[in-house]
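> Okay, sequence plus prediction incoming.
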Amino acid sequence: MPTKAKRWVLASRPAGKPKPENFRLEDVTLPDPGEHELLIRTEHHSVDPGMRGRLSGDSYTAALPVGETIDSAMVGVVEASNNEKFAAGDRVTGGFGWVSHAISNGRGIQKLDPAIYHGALRPTAAIGVLGIPGLTSYFGLLDLGRPKEGDTVLISSAAGPVGATAGQIAKMQGCKVVGIAGSKEKCDYVTGLGFDDCFSYRGADLKAAIREHCPDGVDIYFDNVGGEMLDAAILNMKEHGRIVISGQVSEYNRAESELRGIRNVTRFITHRLRMEGLVVFDYFKQFREAQAEMAGWIHAGKLQYTEDVSDGIEGSAAAFIGLFEGENLGRRLIKVS
């Protein structure tokens, strides 16, 4: 019989920080699965700061149309299946967005292997540390940053899922790792993961604070923030330093005319710096290999992750807005069912 479901859609394009009225929770009725289709019940979905750009216009992909379901990753359980590749009870992950249920033909869905997802590696890790945030850390640091033993690695938004994972991977490479976070609590969390040091950016002279905590300079800056913080890091880079642009959360809610950008460009000449951004989907063919290695690290106790879970799909929009207030510690998820 048809399934009553809920979904969040984009009600209007946000100007500046997203507001509750930019989103709308709708009741929908899904038909029974057709030929080769399956019905999935969402257990958890993510809320992602990187989605912010698509709400206002074109970003790394086309703008999300008004009235469409808000994009995100999800983990769910197959409720019914007419697809020979999936059976009722299978736990799967896919990109169906802020929904309670989804109908799919099976494309783009990955079945979670119980032999991997057990113990310390919870199923929700598939949309966190083994999903886009963790893979961004893995490829951004190892492929673009190219750390060497003894390098000093500076990471902004270090308590977030990308920064925290990148820092732990850098420690495995024999680097000194310094984090920048938004509070003492978050810095305590970061140093508890094995970072050598961490400081809060609030009220700090960023250029001086980075110099204090990285007195010999920075070899790799893993940037999740942009703006003033990126400029301050540039002024503390060593010669031939590498800057990995993972995110620009300080710029996401600014109009194009208000973007700060970077100003200390001369350092790229004098210090022969290299700066490069990444869209992690460029590494799609290498995802499984990276996930297998990271899963091994987690089961061996070398890589930790934290999830910030809110109950109820009704709170999805508020949880997303809260990302831009620095509320979360770790990967922010919504427990739907």
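Okay, I see it. Numbering: from 1, shown residues only.

> Let me see the ranges of the strands in the stretch 201-337 of the chain.
For the stretch 201-337 of the chain, the strands defined by DSSP state E, counting those that start in this stretch cover 218-223, 237-245, 274-277, 307-311, 331-335.

> cool, the stretch 1-150 of the chain as well?
So, for the stretch 1-150 of the chain - with DSSP E, counting those that start in this stretch - the strands run 3-10, 23-30, 38-46, 74-81, 91-94, 101-104, 110-111.

> Pairing partners for the shortest one, with directions?
In this case it means strand 110-111. Using DSSP bridges, strand 110-111 pairs in its sheet with strand 91-94 (antiparallel).

> Now tabulate the strands of the stretch 1-150 of the chain in a markdown table and tack on distance to Q248 and mean pLDDT.
Yep, even glycine has a C-beta here, placed from its N, CA and C like the rest. As requested, those are exported to a markdown table (distance: least, CB to CB, whole Å; pLDDT from 0 to 100):
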| stretch | distance to Q248 | mean pLDDT |
| --- | --- | --- |
| strand 3-10 | 21 | 98 |
| strand 23-30 | 22 | 98 |
| strand 38-46 | 19 | 98 |
| strand 74-81 | 25 | 98 |
| strand 91-94 | 26 | 97 |
| strand 101-104 | 30 | 97 |
| strand 110-111 | 29 | 94 |
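
> Looking at those strands, spot the one closest to E68.
strand 3-10 (6.0 Å; CB to CB).

> could you say what helices and strands the closest one packs with?
strand 23-30 (3 or more CB pairs under 8 Å, 6 or more residues apart in numbering; DSSP states H and E).

> do that again at 10 Å, thanks
With contacts defined as 3 or more CB pairs under 10 Å, 6 or more residues apart in numbering; DSSP states H and E, strand 3-10 has these neighbours: strand 23-30, strand 38-46, strand 101-104, helix 316-323.

> for those, which one ends up most surrounded?
strand 38-46 (a mean of 24; mean count of other CB atoms under 10 Å).

> tilt between that one and strand 23-30?
160 degrees (axes from the mean of the first three to the mean of the last three CA atoms, to 10 degrees).

> which other helices and strands contact strand 38-46?
Against strand 38-46 (3+ CB pairs under 10 Å, 6+ apart) you get strand 3-10, strand 74-81, strand 91-94, strand 101-104, strand 307-311, helix 316-323, strand 331-335.

> Distance to T136 for these - can I get that in TSV?
Shown next, in TSV, are the helices and strands packed on strand 38-46 (distance: least, CB to CB, whole Å):
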stretch	distance to T136
strand 3-10	24
strand 74-81	18
strand 91-94	16
strand 101-104	24
strand 307-311	17
helix 316-323	16
strand 331-335	12
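
> Kindly compare burial across the ones you listed and name the winner.
Across the helices and strands packed on strand 38-46, averaging neighbours per residue (mean count of other CB under 10 Å) puts strand 331-335 on top, at a mean of 23.

> which strands and helices sit next to it?
strand 38-46, strand 74-81, helix 161-172, strand 307-311, helix 316-323.

> Can you give the strand pairings for the first one, parallel or anti for each?
Right, the one you point to is strand 38-46. strand 74-81 (antiparallel), strand 101-104 (antiparallel), strand 331-335 (antiparallel).

> Can you tell me what sits against the worst-scoring helix or strand of the chain on mean pLDDT?
Lowest by mean pLDDT, DSSP states H and E among the helices and strands of the chain is helix 52-56, with a mean of 90. The contact list for helix 52-56, computed with CB atoms under 10 Å, 6 or more residues apart in numbering, reads 10, 12-18, 22-23, 59-66, 68, 70-71, 247-249, 251-253, 255-256, 320, 323-324.

> what's the average pLDDT for stretch 114-126?
What stretch 114-126 shows for mean pLDDT is 95.

> So for it, what gets flagged as buried?
Residues of stretch 114-126 classed as buried by neighbour count (16 or more other CB atoms under 10 Å): I116, Y117, L121, R122, P123, T124, A125, A126.

> got JSON lines for these, with distance to R263 too?
Formatted as JSON lines, the buried residues of stretch 114-126 follow (distance: CB to CB, whole Å):
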{"residue": "I116", "distance to R263": "45"}
{"residue": "Y117", "distance to R263": "45"}
{"residue": "L121", "distance to R263": "43"}
{"residue": "R122", "distance to R263": "43"}
{"residue": "P123", "distance to R263": "44"}
{"residue": "T124", "distance to R263": "40"}
{"residue": "A125", "distance to R263": "39"}
{"residue": "A126", "distance to R263": "40"}
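
> Pull the number of nearby residues for P2.
9 (other CB atoms under 10 Å).

> contacting residues for the closest residue to Y283 other than its chain neighbours?
Leaving aside its sequence neighbours, Y283 sits nearest to F139 (CB to CB, 6 or more residues apart in numbering; 4.8 Å). Applying CB under 10 Å, 6+ apart to F139 gives the contacts G145, V244, S246, L278, V280, D282, Y283, Q286, F287, A290.
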